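Engineer: Sequence and predicted model, in that order:
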Amino acid sequence: ETGVTQSPTHLIKTRGQQVTLRCSSQSGHNTVSWYQQALGQGPQFIFQYYREEENGRGNFPPRFSGLQFPNYSSELNVNALELDDSALYLCASSLDQGGDSPLHFGNGTRLTVT
Amino acid sequence: QKEVEQDPGPLSVPEGAIVSLNCTYSNSAFQYFMWYRQYSRKGPELLMYTYSSGNKEDGRFTAQVDKSSKYISLFIRDSQPSDSATYLCAIYNFNKFYFGSGTKLNVKP
């Protein structure tokens, strides 16, 4: 069984640029969510996709957007990067939406904005 | 008020000690509770999942939910240096998982 994989593992961007992060969900999982984890903090919910539709969003501005594809893989796009966007971005998949389907995380993409 | 709050530690214990990690949450209606372990430079790994109240045991790990106090705990028996990591509690509500800030644990040989 293949777990959640994310790419790239590290990325350095300049303020104002745009970035796309990618995630392959665990086999059999139809729900993908994205989290931002600043250093020394817990993951903060960005949004969730269930069967290609966004069905939950955290307190993040519209310049954070995403997609889920028919194979349930996903992308996170961030436009107009700011210094505060520097963080570990985690993708998580789950068997289904709902609290009875715990999250399974990838190892994240470390984004540095200079 | 945050949905879930966690003492950040750090917590340092000798090998073999019993470790107690704790979180409080804001809403008594929450039903789903989880504990994750995160090693440095890795994603969080699911350790324990509990629905509603009571205890759940898995090897050296016991998760406890006290709904009357809105308190969740993770106990680690016979702690090992390999348990050194950051432990995150999490709750689920309305299509969102909320995480505590994590407690960093160091188990000294």
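Structural biologist: Cool, got the structure.

Engineer: Three-state assignment for the residue nearest to B:S79 when sequence neighbours are not counted, please.
Structural biologist: Nearest in space to B:S79, with sequence neighbours left out and distances taken as CB to CB, 6 or more residues apart in numbering or on different chains, is B:V107 at 4.7 Å. Glycine gets a C-beta too; all of them are placed from N, C-alpha and C. Judged by DSSP: H, G, I helix; E, B strand; the rest coil, the three-state class of B:V107 is strand.

Engineer: Quick one: residues contacting B:V107.
Structural biologist: B:13-15, B:17, B:19, B:79-84 (CB atoms under 8 Å, 6 or more residues apart in numbering or on different chains).

Engineer: now do 7 Å
Structural biologist: Shown in contact with B:V107 (CB atoms under 7 Å, 6 or more residues apart in numbering or on different chains): B:13, B:15, B:79-81, B:83-84.

Engineer: What parts of chain B come near chain A?
Structural biologist: B:31-32, B:34, B:42-44, B:46, B:49, B:51, B:88, B:92, B:95-97, B:99-102 (CB under 7 Å from any CB of the partner chain).

Engineer: Tell me which residues of stretch A:71-81 come out buried.
Structural biologist: A:72-76, A:78, A:81 (16 or more other CB atoms under 10 Å in any protein chain shown).

Engineer: Does that stretch reach chain B?
Structural biologist: No. Using CB under 7 Å from any CB, stretch A:71-81 stays clear of chain B, coming no nearer than 14.4 Å.

Engineer: Show me the contact partners of that stretch.
Structural biologist: A:13, A:15-25, A:29-30, A:32, A:34, A:49, A:63-68, A:85, A:89, A:91, A:113.

Engineer: Quick one: buried ones out of the residues you listed?
Structural biologist: Neighbour-count burial (16+ other CB under 10 Å) applied to these gives A:13, A:19, A:21, A:23-25, A:29-30, A:32, A:34, A:49, A:64-66, A:68, A:85, A:89, A:91, A:113.

Engineer: ranges for the strands of the chain?
Structural biologist: Using chain A here. A:5-7, A:10-13, A:19-24, A:31-37, A:44-50, A:53-57, A:64-68, A:74-78, A:87-94, A:104-105, A:109-113 (DSSP state E).

Engineer: that's the other chain; I wanted chain B
Structural biologist: B:4-6, B:11-14, B:19-25, B:32-38, B:45-51, B:54-58, B:61-66, B:71-76, B:85-93, B:96-99, B:103-108.
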